[in-house]
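Trainee: Based on what follows, work out the 3D shape:
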Amino acid sequence: SGGGDGPAGAPARRSGGSGPAEAAPVRQDADGGPPPASVGRDVLEADLVVAADGVNSRLRARLFPHHPGPAYSGSTVLRAITEGPVDVDGDFALTWGGGAEFGHILFRDGRAEWHAVLNAPPGVRYADPLAALRRRFAGWHDPIPALLAATRPEAVLHHDIHELRTPLPSYAVGRTALLGDAAHAMTPNLGQGACQALEDAVTLAHALAHEPGIDAALARYDALRRPRSQSVARAARQAGRMGQRLSHPLATAARDT
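Mentor: As a prediction, this is how the structure comes out:
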């Protein structure tokens with residue numbers, strides 16, 4: 001398995017007892033034997049390789065060389081956790097507006113995590129992201145301005161949103177299983193990205209424990225997880241289109257009726 005999401009084409013890096021290691025793409029042997037994978041200077045053999053190396057998965061690119069890979073969704077997200085407790089009603093809220101959405105989740109200690117999704121070209125960045133958001137959402141209802149006011153500028157994270165718009169034909173190739181964003185990177189509009197990765201892990205573990213062999217387990221994993229996760233990805237994309245992707249006043253008025 002790989003590490004977190006890095007720039008496209010960047011290797012997944014893991015730290016082991018002997019220092020950092022670099023996980024290179026695996027090669028599938030024609031005889032169906034254990035697939036080798038290079039980790040640092042070593043070549044390892046394993047009964048199963050789990051490719052969980054994120055939206056920019058190098059393993060996916062190697063296994064599906066003709067797949068177009070991740071595509072920019074048309075939206076960028078800024079998010080943060082407030083510095084201290086905030087006075088808000090309700091544990092969760094989500095507001096759609098013209099070309100933007102804003103949501104928050106309240107923590108038990110009174111702090112809140114908020115996110116702002118904006119329609120934007122890829123790569124757009126702000127010299128002062130928090131100040132830009134305070135201007136963008138100045139006229140929105142409470143507690144949105146209060147949440148932004150309770151946030152420190154250095155706490156704001158900003159990432160463009162990419163997705164696998166073209167579904168993969170399989171989540172298993174030989175003895176390699178793709179899991180999480182490597183298999184089905186989706187927009188965050190339903191909050192299902194990590195949830196689907198957890199479902200992948202549980203389903204794969206259950207299949208390995210109960211099927212007669214690895215090949216049967218991977219076939220079962222693919223049959224169960226690919227239809228469900230790709231359906232959730234389509235629903236998330238549609239939710240984004242109905243939410244912040246609408247910007248024309250007539251379209252947003254029809255949506256809000």
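
Trainee: so where's the chain uncertain?
Mentor: 1-42, 245, 247, 257 (pLDDT under 70).

Trainee: Can you give the domain ranges for it?
Mentor: Following the assignment in automatic domain parsing, the chain carries domains at 12-70+164-242, 71-162.

Trainee: so how far is residue 194 from the nearest residue to residue 63 once chain neighbours are set aside?
Mentor: Counting by CB to CB, 6 or more residues apart in numbering, residue 63 lies nearest to residue 173, which is 4.6 Å off, once chain neighbours are set aside. Where C-beta positions appear, they are placed from N, C-alpha and C, glycine not excepted. According to CB to CB, to the nearest Å, residue 173 and residue 194 sit 24 Å apart.

Trainee: Would you enumerate the residues in contact with the nearest residue to residue 68 once chain neighbours are set aside?
Mentor: Distances taken as CB to CB, 6+ apart place residue 166 nearest to residue 68, at 5.3 Å, with adjacent residues excluded. Contacts for residue 166 (CB atoms under 8 Å, 6 or more residues apart in numbering) come out as 67-68, 71.

Trainee: can you check residue 198 too?
Mentor: No contacts exist for residue 198 under CB under 8 Å, 6+ apart.

Trainee: Run through who's touching stretch 182-195.
Mentor: Identification of contacts with stretch 182-195 by CB under 8 Å, 6+ apart yields 2, 51-55, 57, 59-60, 70, 73, 75, 77, 101, 115, 117, 161-164, 167-168, 171, 180-181, 196, 200, 225-226, 229-230, 232-233, 235-237, 239-240, 243.

Trainee: List the buried residues in that stretch.
Mentor: 182-190, 192-193 (16 or more other CB atoms under 10 Å).

Trainee: can you give me the end-to-end distance of stretch 177-184?
Mentor: Using CA to CA, to the nearest Å, the end-to-end distance of stretch 177-184 comes to 12 Å.

Trainee: Now do the residue nearest to residue 68 against residue 228, distance only.
Mentor: Distance from residue 166 to residue 228, by CB to CB: 18 Å.

Trainee: Which helix or strand contains residue 177?
Mentor: strand 176-178 (DSSP states H and E).

Trainee: which helices and strands does that strand pack with?
Mentor: Under the contact definition 3 or more CB pairs under 8 Å, 6 or more residues apart in numbering; DSSP states H and E, strand 176-178 sits against strand 49-51, helix 58-63.

Trainee: Tell me which strands that strand pairs with, and in which orientation.
Mentor: strand 49-51 (parallel), strand 172-173 (antiparallel) (DSSP bridges).

Trainee: Give me the residues contacting the shortest one.
Mentor: When you say that, I think you mean strand 172-173. 28, 63-64, 178, 218-219, 221-222.

Trainee: Tell me the most packed of those, by neighbour count.
Mentor: Using other CB atoms under 10 Å as the neighbour criterion, residue 178 leads those with 28 neighbours.

Trainee: so where do the strands sit in the stretch 51-200 of the chain?
Mentor: For the stretch 51-200 of the chain, strands defined by DSSP state E, counting those that start in this stretch occupy the ranges 71-81, 92-97, 100-106, 112-119, 157-163, 172-173, 176-178.

Trainee: deepest of those strands, which one?
Mentor: Mean neighbour count (mean count of other CB atoms under 10 Å) peaks for strand 176-178 among those, with a mean of 26.

Trainee: Quick check: buried residues in stretch 232-243?
Mentor: For stretch 232-243, a neighbour-count test (16+ other CB under 10 Å) marks 232-233, 236-237, 239-240, 243 as buried.

Trainee: Helices of this protein, start to end?
Mentor: Remark: helices assigned in the chain by DSSP state H are 58-63, 129-136, 144-149, 181-184, 193-210, 214-242, 249-256.

Trainee: I'd like to know which of these lies nearest to residue 86.
Mentor: helix 144-149 (6.2 Å; CB to CB).

Trainee: Count the neighbours of the nearest residue to residue 137 once chain neighbours are set aside for me.
Mentor: Closest residue in space to residue 137, ignoring its immediate chain neighbours: residue 144 at 5.1 Å, by CB to CB, 6+ apart. Residues lying near residue 144 (other CB under 10 Å) number 23.
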